[in-house]
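A.B. asks: show me the folded form of this:
(2 chains)
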2 protein chains.
Amino acid sequence: MPAVDSRPVVDLLGVLAYAELTAFDRLAEDARMAPTLGGRAALARMAAAEMAHHDRLAGRLRELGADPAAAMAPFVRALDGFHEGTRPRTWLEGLVKAYVGDGLAADFYREIAGFLPEPDRSLILEVLADTGHADFAVREVRTAIASQRALAGRLALWGRRLVGEAISQSQAVIAERDGLAQLIMEGTGDLTGIARLVERITTAHTERMRALGLKP
Amino acid sequence: MPAVDSRPVVDLLGVLAYAELTAFDRLAEDARMAPTLGGRAALARMAAAEMAHHDRLAGRLRELGADPAAAMAPFVRALDGFHEGTRPRTWLEGLVKAYVGDGLAADFYREIAGFLPEPDRSLILEVLADTGHADFAVREVRTAIASQRALAGRLALWGRRLVGEAISQSQAVIAERDGLAQLIMEGTGDLTGIARLVERITTAHTERMRALGLKP
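C.D. replies: Just a heads-up that it's a prediction; the model follows:
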């Protein structure tokens, strides 16, 4: 028997596999809002990269004897809820969501992955690596803001709304999966550890908003 | 100066690059209609494969000194028109469209590619290779028909409608691009050659309908 309980691992791989599938979906949808054929191809390319990540996670789940669809199922409602609650109405909102929202989620999952043994830790860090989306989003959003200052305020509000939704949805995910909650509690050690984790995530979020030229 | 006029080559690579981008789009959209998470992932995976094809075509266009977006632009209207005119309302209609419609288009492009010199001929044949979609569609459609016979008639009608739309849209594409029309005329030799080309495409289409269990 392995030293580590495999349920939290399956949970984490499952939520990530579904997150990649929804990322694919959303990027594919946003691609259709692109103002140029070049932008549309760029977003579609990023969506394809998310699917490659999904496949690696699904492959690992199978290796662990888990059915990928069954491992994803418990997280469908929370993740779909997040995306339905934060459906971008414009091309720029889509880019901010992809950069700020996915960045936040990736930081959160990276923290949890740090509590896992190999090979899952490395696999998760790899699939969370940026697929070129970040640079693309920063460039497009900064260019748009430079030519239309009023956008900055609206997009900053949008960024704050994303954080609020992300926090409430991640609480919903953790509340539903005992294994994940336990992994976080044991990994961080105590409440001080959790506070530090939240602080690291918040700092990174603030930096991303600034990179876009938006007030955090 | 190259022996072959490069404009028809750029046209063919351009229309194919845009066809792959719309195939990505459409598969991503159909994925959301999937009745299971497994089916959804399967379609998203195929969409990602289409993007990989798109990237290879865009890369070749750049090698030829052409801008991919500019090369795709002349075909946007005709291809978008086809897809708007044949928007699937169900998961099964999407599968039939992907198999029958894409099969028909692939046969047509393959015929034209045969008139091109290397390396473009091989590149095009490669990107037109099936991405696993065919087997998946055949399996799903046959299973559905087996349990609900009334579907066969409706899906067969849908298949015939796809052919009609595809023919009128491909005529629109050729009419707009002199280079492509000339390539086909010179490649086939004469009207008998064109008739044989159409016959080959029709035969393959009939076989695909039969493979799905549908009356052609």
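
A.B. asks: without its sequence neighbours, what residue ends up closest to residue A:26?
C.D. replies: For residue A:26, ignoring the flanking residues on the chain, the nearest one in space by C-beta to C-beta, 6 or more residues apart in numbering or on different chains is residue A:83 at 6.2 Å. For glycine as for every other residue, the C-beta is placed from the backbone atoms N, C-alpha and C.

A.B. asks: so the one you found makes contact with residue A:22?
C.D. replies: Yes. At 5.9 Å, residue A:83 counts as touching residue A:22 under the criterion of C-beta atoms under 8 Å.

A.B. asks: helix/strand/coil for residue A:175?
C.D. replies: Following DSSP: H, G, I helix; E, B strand; the rest coil, residue A:175 is assigned to helix.

A.B. asks: run a quick neighbour tally on it.
C.D. replies: 11 (other C-beta atoms under 10 Å in any protein chain shown).

A.B. asks: in the helix or strand of chain A with the lowest mean pLDDT, what's buried?
C.D. replies: Least confident helix or strand of chain A, by mean pLDDT, DSSP states H and E, is helix A:178-188 with a mean of 83. The neighbour-count check on helix A:178-188 (16 or more other C-beta atoms under 10 Å in any protein chain shown) flags A:179, A:180, A:183, A:184, A:187, A:188 as buried.

A.B. asks: what do you get for stretch A:207-216?
C.D. replies: Under 16+ other C-beta under 10 Å, the buried positions of stretch A:207-216 are A:208, A:209, A:211, A:212, A:213, A:214, A:216.

A.B. asks: which one of those is nearest residue B:14?
C.D. replies: Nearest to residue B:14 among the buried residues of stretch A:207-216, counting by C-beta to C-beta, is residue A:212 at 33.7 Å.

A.B. asks: returning to what we had before: show residues contacting the least confident helix or strand of chain A.
C.D. replies: Applying C-beta atoms under 8 Å, 6 or more residues apart in numbering or on different chains, the contact partners of helix A:178-188 are A:5, A:7-8, A:11-12, A:15, A:111-112, A:114-116, A:173-175, A:193-194, A:196-197.

A.B. asks: just give the number of residues close to residue A:165.
C.D. replies: The number of residues packed around residue A:165, counting by other C-beta under 10 Å, is 18.

A.B. asks: element containing it, please.
C.D. replies: Element membership for residue A:165 (DSSP states H and E) is helix A:150-176.

A.B. asks: near chain B, which residues of chain A show up?
C.D. replies: A:18, A:21, A:24-25, A:28-29, A:31-32, A:36-38, A:40-41, A:44-45, A:47-48, A:51-52, A:54-55, A:58, A:68-69, A:72-73, A:76 (C-beta under 8 Å from any C-beta of the partner chain).

A.B. asks: residue A:134 reaches residue A:99, doesn't it?
C.D. replies: Yes. Residue A:134 is within contact range of residue A:99, at 5.8 Å (criterion: C-beta under 8 Å).
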